[in-house]
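Chemist: structure for this input, please:
(one chain, ligands or ions: 2)
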Amino acid sequence: MPHGALTLSQFILRQEYTHPEASGEFTSLLMEVALAAKMINRLVVRAGLVDILGLTGDENIHGEQVQRLDVFAHDTLHRILGSTGQLAVLASEEDEGIVAVPQGERVGKYVVNFDPLDGSSNLDANVNVGTIFSILPRITRKGSGTLEDCLQPGYRQLAAGYVMYGSSTMLVYTTGDGVHGFTFEPSIGEFMLSHPDIRTPQRGHIYSANEGNYQSWPEGIKRYVDWLKMEDAPSGRPYSGRYIGSLVADFHRNLLYGGIFIYPGTGKNPRGKLRVLYEGAPLAFIAEQAGGAASDGQRRLMDITPGSLHERTPLYLGSADDVRECVEFINNRHPAIAAERRAGSRTA
Ligand code: AHM
Ligand code: MG
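Modeler: Numbers count the residues shown, from 1 in each chain. Ligands and ions are numbered 1, 2, ... in the order given. This next block holds a predicted model:
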């Protein structure tokens, strides 16, 4: 169906119209996320000018203290979302504990967990970075929200999304009714619907992993990635390796083209590097809504209830067939392993 030139706010309002269960409060919360994204984008696109103009660093030209971009992103989201009156509590990668939100007369109904600027170590090289967010209903009933409100499994998410800042800045989100992508048009300051109802291919031909960690990967992952590199035209192997090292950018490319993102436990990070609450769960929700899948190797990622805010998880994320096969390798039950065993016993 042609969608014409729809802005994010027009699109969200139409969704509200066709899905009366979506409350106006919730809609405005999404709009506030978009507003914060525009403010973060404004600084991120100038990151290369830091040394010349002193936009971030220790002091700006006026002698004022200025912030690192990831701290700026955190503060912007905190300030904007915190003032909506709709939130019980926030959690952010940039803060050890939960982030309190002032409660007005009405009790805030929602919780937002976010990674304000993921991949920020890539900023100096002008590589895409992103904001990831996850919106949950609160569990506690009154007063300020608590840790319990933040520590919910991914399947309870009401919405999740990311903003990718780069050559063009995009906001991609789901409320459980498909995945929709918007491209920022700077001249009018609006996110425009550019990717309605994104579907990820059932199987891709790309794997994304930091192969520098190969030696300390679990055996199953080593075998899986070795297998992906073997020539086999019917199954589309060998796969192409593509790894930016910036989760939102790697995920976004694979969402559009198909493929699998792999970050297992390593020697340095035995439980994986990425965090359940504000990296794994929101991207898992988007992947599933686009027809893909996400797992920690044993469980559906969205079923994990983290025990702490910054809990890490192994992450296998992307096209459904690829994630399924990866999990089969991890658990020693992929048909290729059985075939290898049979071949081995014949030659023994
Ligand atoms: P960060 O939250 O400190 O920015 O780290 C997260 C980033 C992800 O964007 C990316 O997928 C991953 O770290 C890359 O890790 P590595 O450099 O170990 O490959
Ligand atoms: Mg991060």
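Chemist: where do the helices of the stretch 151-300 of the chain begin and end?
Modeler: 219-228, 247-257, 281-289 (DSSP state H, counting those that start in this stretch).
Chemist: what is the longest one packed up against?
Modeler: Helix 247-257 is packed against strand 129-137, strand 159-165, strand 170-174, strand 206-208, strand 260-263, helix 281-289, strand 315-318, with contacts defined by 3 or more CB pairs under 8 Å, 6 or more residues apart in numbering; DSSP states H and E. (C-beta placed from N, C-alpha, C; glycine too.)
Chemist: go on, the last one?
Modeler: Of the remaining helices and strands, those touching helix 281-289 by 3+ CB pairs under 8 Å, 6+ apart are strand 129-137, strand 159-165, strand 170-174, helix 247-257, strand 293-295, strand 315-318.
Chemist: what do you get if the cut-off is 7 Å, keeping everything else the same?
Modeler: strand 129-137, strand 159-165, strand 170-174, strand 293-295, strand 315-318 (3 or more CB pairs under 7 Å, 6 or more residues apart in numbering; DSSP states H and E).
Chemist: what about that helix and ligand 2, touching?
Modeler: No - for a cut-off given as CB under 5 Å from the ion, helix 281-289 has no contacts with ligand 2; the smallest distance is 11.0 Å.
Chemist: that helix close to ligand 1?
Modeler: No - using CB under 6 Å from any ligand atom, helix 281-289 stays clear of ligand 1, coming no nearer than 10.1 Å.
Chemist: tell me the angle that helix makes with strand 129-137.
Modeler: 80 degrees (axes from the mean of the first three to the mean of the last three CA atoms, to 10 degrees).
Chemist: from ligand 1, how far off is the residue in the stretch 151-300 of the chain that ligand 2 sits nearest to?
Modeler: Proximity to ligand 2, evaluated over the stretch 151-300 of the chain using CB to the ion, is greatest for Glu279 at 5.6 Å. Relative to ligand 1, Glu279 is positioned 7 Å away (CB to the nearest ligand atom, to the nearest Å).
Chemist: for Thr200, which of the helices and strands packed on helix 281-289 is the nearest?
Modeler: Checking the helices and strands packed on helix 281-289 against Thr200 by CB to CB gives strand 315-318 as the closest, at 7.1 Å.
Chemist: coming back round to it: what is the burial count for the residue of the stretch 151-300 of the chain closest to ligand 2?
Modeler: Glu279 has 28 neighbouring residues, counting by other CB atoms under 10 Å.
Chemist: what residues are up against it?
Modeler: Contact analysis of Glu279 by CB atoms under 7 Å, 6 or more residues apart in numbering lists 115, 118, 132, 247.
Chemist: check what pLDDT it gets.
Modeler: Listed pLDDT for Glu279 reads 98.
Chemist: now it: how far from Ala159?
Modeler: According to CB to CB, to the nearest Å, Glu279 and Ala159 sit 16 Å apart.
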